[in-house]
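**Student:** Below: sequence and its predicted model.
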2 protein chains.
Amino acid sequence: MKKFLNDPKQYVPDMLKGLALANPDTLCYRPEWNLIMRTDAPRSDKVSVIQGSGSGHEPAHVMMVGKGMLDAACPGDVFAAPPMDFVLETTKLLASPKGVLHIINNYTGDRMAFDMGREMAEAEGIDVSTLIVDDDVAVTDSLYTIGRRGVAGNFFVIKTVGAAAEQGADMDELLRIGEKTNSVTRTMGMALTSCTPPAKGSPLFSLGDDEIEMGVGIHGEPGRKREALRHASEIVAEMVDAVVSDLPFARDDDVALMINGLGGTPLSELYLLYGEAHKQLEGRGIKVRKNYVGEYCTSLDMAGASVTLVRLDDELTSLLEAPAETPIRIF
Amino acid sequence: MKKFLNDPKQYVPDMLKGLALANPDTLCYRPEWNLIMRTDAPRSDKVSVIQGSGSGHEPAHVMMVGKGMLDAACPGDVFAAPPMDFVLETTKLLASPKGVLHIINNYTGDRMAFDMGREMAEAEGIDVSTLIVDDDVAVTDSLYTIGRRGVAGNFFVIKTVGAAAEQGADMDELLRIGEKTNSVTRTMGMALTSCTPPAKGSPLFSLGDDEIEMGVGIHGEPGRKREALRHASEIVAEMVDAVVSDLPFARDDDVALMINGLGGTPLSELYLLYGEAHKQLEGRGIKVRKNYVGEYCTSLDMAGASVTLVRLDDELTSLLEAPAETPIRIF
């Protein structure tokens, strides 16, 4: 294994320390519960929006904390759900009279931790609601999931819900917006290579030199099938077809198109994929109105990418375009 | 080789097409000269700022074109300088009464192409000036360079010069600002792995499973030495020491700190490195006032990172904080 790390057990805390040091005005790191929160949270005039999941998916979710996005993120260790008491403590710290909203990617471990954390928080008198994200069309039920998995599309749920929360929307309105966003968001991913968790020290699975995993999960879990490596245009065609046929997206739909890198794929390749996906969608008469190219939800150092489409209307477009800030910035 | 591509010969044009499709309002792709330019360039009230270099370093430089940054980028093929006639045509397209400024990373191939392109442009009556970036402290003279190499520090030269150009500064002022920025900027990089150019199809060099290349160049060229892989804190200490002792940076200096990923290193590791570098600098009494964590100047899919420091004063801080836009954005 060749990674930048000191002690594999300290991989996540070391990353969180660095993240907080880089953002002293906006982010606060609470090592006792492994959490990152906004320095101005909780606010009594807004619902607190929290996401938790295993680490290793950065920028999801600790680097999605900021104005118009999450109020806090409660990560577990690499590819492991956060402990339920950390969920509880995060919820208590973020308690607001307008309530606390948990956004959860649909993985069984995360749902268990958040369900129990929620029950304990409710027992202490905190109003908690839950939004589930399950945008991955690759498989229904998988190694770690009952139902569909939640992957890169969670960015859009965080963005629309975060914007509305910042504008003062109440819990019912946030649930409506979050469920609506999730209902029009579809993702399909694939891997060129495996990834290597720091504590394991070796690749999580093996792929042949000419093999790809179509429909891979963000923890390296199996997708639809192993296939032969082939031209980018053909790989994109398969992902686009899986996504478009699922909702389904139709001619004259306005969409947002995301090409998400899985951690080890350079920007040059992501823009090459973007060009292919954009052309293929336009060829189907689907109108790409907004685009997102980069890393949004990764799988450590995995080489690979996912395609996400969101069907837009005026409300979602406006929420996607509302002001927001994250630690991820170039300037 | 496992990469997203169609025809290796079309790797760069395919990426540029995708980049332009993703930014139709702000960027224009001119395939006949392989260039990316702002849709609002040239402007008669500002110097046109151009950078060119081999491709494979994205977001440098084609994804650094935008308001307050570059007016155009003129890339060559992967790791190859642009042809001189492309430099000439880019310069002619961007001709402004206030002149055209070439920013060049100090690599011999790039300098030759831009020197000749400049001479031909001057023969056609265009006023051209040149800024050289040579921030890499690793080696003096190397495989492709006489003198020091220009690497990730070029972001800071582009940012300060781009901001001043946007504010209407004339050529002499831009040369002063650019030379000043370069004179207080120092970088040191290292590789955990090699990179694989699409046209070669195999790694550019080989590193043992427990080996790193300290001081690596952004084309995989040798650095100072091969060393054993060790803790991130020790790797950072060596890079920080190389950079700090070179200028030298001193106690109570205000600095900007950049941790730049080389393409295959995930954000989680970059923030872990940031935390180490920040602590070590503070331990030396050097004040980290601004920070940049992410990919700025890469080497295809190489796993590795570089540390850049810039000694700040009020003028540079103000130029770094001036408004700017690039295609690289999360929202």
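**Tutor:** Thanks, I have the structure now.

**Student:** Mind jotting down where the helices sit in the stretch 51-200 of chain A?
**Tutor:** Counting by DSSP state H, counting those that start in this stretch, one finds helices in the stretch 51-200 of chain A at the ranges A:84-93, A:108-123, A:154-166, A:171-183.

**Student:** Pipe those into JSON lines and attach mean pLDDT per row.
**Tutor:** Converted to JSON lines, the helices of the stretch 51-200 of chain A look like this (pLDDT from 0 to 100):
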{"stretch": "helix A:84-93", "mean pLDDT": "97"}
{"stretch": "helix A:108-123", "mean pLDDT": "96"}
{"stretch": "helix A:154-166", "mean pLDDT": "98"}
{"stretch": "helix A:171-183", "mean pLDDT": "98"}
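
**Student:** what's the closest of those to chain B?
**Tutor:** Nearest to chain B, of all the helices of the stretch 51-200 of chain A, is helix A:154-166, at 7.4 Å by C-beta to the nearest C-beta. (Glycine included, C-beta is placed from N, CA and C.)

**Student:** Next, count neighbours for the residue in the stretch 1-150 of chain A positioned nearest to chain B.
**Tutor:** With C-beta to the nearest C-beta, the shortest gap between the stretch 1-150 of chain A and chain B falls at A:G18, namely 2.9 Å. A:G18 has 26 neighbours, counted by other C-beta atoms under 10 Å in any protein chain shown.

**Student:** Stretch A:141-149: which residues count as buried?
**Tutor:** Residues A:S142, A:Y144, A:T145, A:G147, A:R148, A:R149 are the ones in stretch A:141-149 that count as buried (16 or more other C-beta atoms under 10 Å in any protein chain shown).

**Student:** Tell me which helix or strand A:S233 sits in.
**Tutor:** According to DSSP states H and E, A:S233 maps onto helix A:232-246.

**Student:** Touching that helix from outside, list them.
**Tutor:** Defining contact as C-beta atoms under 8 Å, 6 or more residues apart in numbering or on different chains, one finds that helix A:232-246 is touched by A:137-138, A:186-190, A:212, A:214-215, A:249, A:269, A:272-273, A:276-277, A:280-281, A:284, A:286, A:306-309, B:4-6, B:14.

**Student:** from the middle of its chain, how far away would it be?
**Tutor:** Chain-centre distance of helix A:232-246: 20 Å, with C-alpha atoms, centre = their mean, to the nearest Å.

**Student:** Where do the domain boundaries of chain A fall?
**Tutor:** For chain A, the structural domains run A:8-183, A:185-320, going by automatic domain parsing.

**Student:** Save those as CSV, and put in distance to B:G109 too.
**Tutor:** As requested, the domains of chain A are arranged in CSV below (distance: least, C-beta to C-beta, whole Å):
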stretch, distance to B:G109
domain A:8-183, 35
domain A:185-320, 19
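
**Student:** Go through those and name the closest to B:P82.
**Tutor:** Across the domains of chain A, B:P82 has its closest neighbour in domain A:185-320 (15.8 Å, C-beta to C-beta).

**Student:** Would you mind measuring the gap between the ends of that closest one?
**Tutor:** 13 Å (C-alpha to C-alpha, to the nearest Å).

**Student:** So what's the gap between that domain and the chain middle?
**Tutor:** Counting by C-alpha atoms, centre = their mean, domain A:185-320 comes out at 13 Å from the chain centroid.

**Student:** number of nearby residues for A:T26?
**Tutor:** Other residues within reach of A:T26, judged by other C-beta under 10 Å, total 16.

**Student:** Ignore what I typed, I meant A:E234.
**Tutor:** By other C-beta under 10 Å, the residues close to A:E234 number 14.

**Student:** Distance check, it against B:L270.
**Tutor:** A:E234 is 32 Å from B:L270, where distance means C-beta to C-beta, to the nearest Å.

**Student:** still on that earlier bit, same for whatever helix or strand comes next after the helix holding A:S233, what does it pack against?
**Tutor:** Counting by DSSP H and E, the next helix or strand C-terminal to helix A:232-246 is strand A:254-261. If contacts are counted by 3 or more C-beta pairs under 8 Å, 6 or more residues apart in numbering or on different chains; DSSP states H and E, strand A:254-261 sits against helix A:154-166, helix A:267-283, strand A:287-294, strand A:304-311.

**Student:** Can you verify my assumption that A:D254 contacts A:V310?
**Tutor:** No: with contact defined as C-beta atoms under 8 Å, A:D254 does not reach A:V310; the gap is 9.5 Å.

**Student:** more neighbours, the two?
**Tutor:** Using other C-beta under 10 Å, the more surrounded residue of A:D254 and A:V310 is A:V310, with 31 against 17.

**Student:** per-residue confidence at A:L16?
**Tutor:** Looking at A:L16, its pLDDT reads 98.

**Student:** and it, how many residues sit next to it?
**Tutor:** By other C-beta under 10 Å, 25 other residues sit near A:L16.

**Student:** hang on, the earlier thing: any idea which of the domains of chain A gets closest to B:D170?
**Tutor:** When those are compared for distance to B:D170 using C-beta to C-beta, the nearest one is domain A:185-320, at 33.7 Å.

**Student:** what pLDDT, on average, does the closest one get?
**Tutor:** 97.

**Student:** For the residue of the stretch 1-150 of chain A closest to chain B, which non-adjacent residue is closest in space?
**Tutor:** Nearest residue to A:G18, sequence neighbours excluded (C-beta to C-beta, 6 or more residues apart in numbering or on different chains): B:G275, at 2.9 Å.

**Student:** again with A:T185
**Tutor:** Of all residues not flanking A:T185 in the chain, A:G153 sits nearest, at 4.0 Å (C-beta to C-beta, 6+ apart).

**Student:** neighbours around that neighbour, how many?
**Tutor:** For A:G153, the neighbour count with other C-beta under 10 Å is 29.

**Student:** Surely it touches A:T308?
**Tutor:** Yes: with contact defined as C-beta under 8 Å, A:G153 and A:T308 form a contacting pair (5.0 Å).

**Student:** shared neighbours, these two?
**Tutor:** Common neighbours of A:G153 and A:T308 (C-beta under 8 Å, 6+ apart) are A:D135, A:T185, A:R186, A:T187, A:M258.

**Student:** any chance of these in TSV, plus neighbour count and distance to A:D314?
**Tutor:** As requested, the shared contacts of A:G153 and A:T308 are arranged in TSV below (neighbours: other C-beta atoms under 10 Å in any protein chain shown; distance: C-beta to C-beta, whole Å):
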residue	neighbour count	distance to A:D314
A:D135	30	21
A:T185	30	17
A:R186	25	20
A:T187	32	23
A:M258	26	20
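
**Student:** now, which of those residues sits nearest A:L207?
**Tutor:** For those, the nearest to A:L207 is A:T187 (20.4 Å; C-beta to C-beta).

**Student:** Which neighbouring elements make contact with the helix or strand hosting the residue of the stretch 1-150 of chain A closest to chain B?
**Tutor:** According to DSSP H and E, A:G18 maps onto helix A:11-22. Applying 3+ C-beta pairs under 8 Å, 6+ apart, one finds that helix A:11-22 makes contact with strand A:27-30, strand A:35-38, strand A:48-55, strand A:72-78, helix B:267-283, strand B:287-294.
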